[in-house]
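Undergrad: Here is my input; please provide its structure:
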Amino acid sequence: MQAITIKYAGPTNTKDSRMVASAQAGRKSFSYDHALNIEENAIKAAKLYAESKGWKGQMAIGQDAKGDWQAVFIKEWTSFEVLWLSENNFTKGLDEHSESPYTDHNKARNILSGIKIMT
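TA: The predicted model follows:
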């Protein structure tokens with residue numbers, strides 16, 4: 001699976017407004033649904049593009065500084081990966097006097113274990 005970039009393309013003499021989704025796997029255009037807002041059209045285009053490629057999974061989408069939309073697939077973390085992150089990444093570079101909850105492995109583990117992927 002790859003990140004998907006979605007751009008709005010306005011109408012031309014020969015085409016109606018559309019959303020253009022692209023990734024390393026290629027590019028595809030989707031009709032702009034005027035009953036939806038721009039964000040809803042971007043979400044719809046990302047889902048349709050992913051379906052056309054046979055990609056499945058939960059996605060997150062956001063707008064970048066240029067006004068384009070970026071959709072990425074969200075990884076579901078296993079408890080082993082959450083534990084590894086809490087013990088290896090969140091505590092690196094922090095000293096024992098830091099007030100960050102990540103300096104304590106148990107606090108980090110508790111915080112991370114409460115993170116859920118939204119459906």
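Undergrad: Least confident secondary structure element in this structure?
TA: helix 105-113 (a mean of 52; mean pLDDT, DSSP states H and E).
Undergrad: With just CA atoms, put the helix or strand harbouring residue 27 into PDB.
TA: Secondary-structure assignment from DSSP states H and E places residue 27 in strand 26-31. What follows is strand 26-31, C-alpha atoms only, in PDB (Å, rounded to 0.1, in the frame of the first residue of the first chain):
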ATOM      1  CA  GLY A  26      -0.800   5.300 -10.900                       C
ATOM      2  CA  ARG A  27      -3.400   8.000 -11.300                       C
ATOM      3  CA  LYS A  28      -7.200   7.900 -11.500                       C
ATOM      4  CA  SER A  29      -9.900  10.600 -11.700                       C
ATOM      5  CA  PHE A  30     -13.200  10.600 -10.000                       C
ATOM      6  CA  SER A  31     -16.300  12.800 -10.500                       C
END
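Undergrad: Now the next helix or strand after it: buried residues?
TA: Sequence-wise, the next helix or strand downstream of strand 26-31 (DSSP H and E) is helix 38-53. For helix 38-53, a neighbour-count test (16 or more other Cβ atoms under 10 Å) marks 41, 42, 43, 44, 45, 46, 47, 49, 50, 53 as buried. (C-beta placed from N, C-alpha, C; glycine too.)
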